[in-house]
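# starting from these lines, generate the structure:
(chains A and B)
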Amino acid sequence: MKTIAIIPAYNEERTIADVVMEVQKYVSEVVVVDDGSVDHTIEHAKRAGAVVCSHFLNRGQGAALETGKRVALLRGADVVVTYDADGQFVAEEIAHVIQPVREGRADVVLGARFLKSEIPPIKKFFLRGATIFTRMTSGLKLSDTHNGFRAFSREAAKKITIEQNRMAHASEILEKIGRHSLRYEEVPVTVKYFSPQIRRGQRLPDYLKILFDLFLGKNIK
Amino acid sequence: MFIQYLLSFLILLIIYRVAIKWRQGILTSRDLFFWIGFWFVVGIIILLPDTTSFMADLVGVGRGADLVVYLSIVLIFYIIFQMTIKIEKIERNITKVVRTVAMKDETENNGQQMTDEKK
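I've put the predicted structure just below:
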């Protein structure tokens, strides 16, 4: 079975090479989608041995993931893993995340951080809010909804087209899992929070922006 | 009053411009009717301000001028909403272009085009 990891990266020259080299140990290929970086992300990723695709303009994480997904499918992936470029995940856990897909038990596996990680309390509050929102809109019962660590079977990856360019893609993926009645499973994953990096994630205005983007998405024909 | 003549003249000018744009094919017939209708209503309000008081009484708003302001705000919000949707649509189209360029090598090597890209 061919497993391909997709890593969207935007100005991640400090971490990308290490992340690619770590991830490579557990998958067949690593595809880095450079999202219009202005630093040396592309060179670092290439040197580390990744297949690199480059957006010439910054289009957002959702757009980069969709590009990566298409490249992975073209390269014949049976399992597609999405992974973050900033080094917050533990590459060893890829094995656990892809297992339900490999065994045919699930079409999509979603990483869940609450079971394993120490999360700052404010962050926890907003992530909980997102959980309730997801339960209402997509009918999926999840403990964590905005986690970049996921695995898709080839069929599931074909069905889920990400149209949201920015951060709302996470909610969009969940909604499409529900719409296509795909079998999903949550697997506990570790998310490392380094103090300067806590601010890397989403904050209140970002969550409002996500809601607005989702609302807009509903109104585009 | 002078202001009424001035504004009426401006409206005629605007309608003339709209008609030209329609003839050049920039506006569709639907747009033409909408804008002529819109400016026609504005013209009536300017020349016969009392009509708004009549309308205001009908819907229960104090003064005609207030009704005009309320309706304008609703209209402006609607236009902003439409524009935001249009911008988002353009954003998504830009993404399609950027993605096609990013994937050029991959699609050539694999000799196939993803069909949904053509939508």
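
# check which helix or strand the residue sitting nearest the centre point of chain B maps to.
Central residue of chain B (CA atoms, centre = their mean): residue B:79, 5.9 Å from the mean position. Under the criterion of DSSP states H and E, residue B:79 resides in helix B:64-102.

# does that helix reach chain A?
Yes. With CB under 8 Å from any CB of the partner chain as the measure, helix B:64-102 is seen reaching chain A through B:84, B:85, B:88, B:89, B:91, B:92, B:94, B:95, B:98, B:99, B:101, B:102. Any C-beta I mention is one placed from the backbone N, CA and C, and that applies to glycine too.

# burial of residue 12, as a residue count?
You didn't pick a chain, so chain A it is. 24 (other CB atoms under 10 Å in any protein chain shown).

# I was thinking of chain B, sorry if that wasn't clear
By other CB under 10 Å, neighbour count at residue B:12 equals 12.

# a helix runs through it, doesn't it?
Yes. Counting by DSSP: H, G, I helix; E, B strand; the rest coil, residue B:12 falls inside a helix.

# against residue B:28, how distant is it?
Here residue B:12 is placed at a distance of 22 Å from residue B:28 (CB to CB, to the nearest Å).

# for residue A:6, give me phi and psi.
Main-chain dihedrals, residue A:6, degrees, to the nearest 10: phi -110, psi 130.

# dump the residue contacts of it.
When contacts are counted by CB atoms under 8 Å, 6 or more residues apart in numbering or on different chains, residue A:6 touches A:31, A:32, A:33, A:65, A:68, A:69, A:71, A:72, A:80, A:81, A:82, A:83.

# show me what contacts residue A:106?
Per CB under 8 Å, 6+ apart, neighbours of residue A:106: A:100, A:153, A:183, A:184, A:185.

# okay, it: pLDDT?
On pLDDT, residue A:106 comes in at 96.

# now it, what's its secondary structure?
Per three-state DSSP, the secondary structure class of residue A:106 is coil.

# thinking again about what came up before, next structured bit after the helix holding residue B:79?
Next in sequence after helix B:64-102, counting helices and strands by DSSP H and E, comes helix B:104-110.

# tell me what that next one is packed against?
Helix B:104-110 makes packing contacts with helix A:61-74 when contacts are defined by 3 or more CB pairs under 8 Å, 6 or more residues apart in numbering or on different chains; DSSP states H and E.

# tell me the first helix or strand C-terminal of the helix it packs on.
Downstream of helix A:61-74, the first helix or strand assigned by DSSP H and E is strand A:79-82.

# what mean pLDDT does stretch A:19-32 get?
96.

# if we can go back for a sec, can you redo the residues of helix B:64-102 next to chain A as TSV with distance to residue A:37 and pLDDT?
Below are these laid out as TSV (distance: CB to CB, whole Å; pLDDT from 0 to 100):
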residue	distance to residue A:37	pLDDT
B:84	28	93
B:85	30	93
B:88	24	93
B:89	26	93
B:91	19	95
B:92	21	95
B:94	17	96
B:95	16	96
B:98	13	97
B:99	16	96
B:101	15	95
B:102	13	95
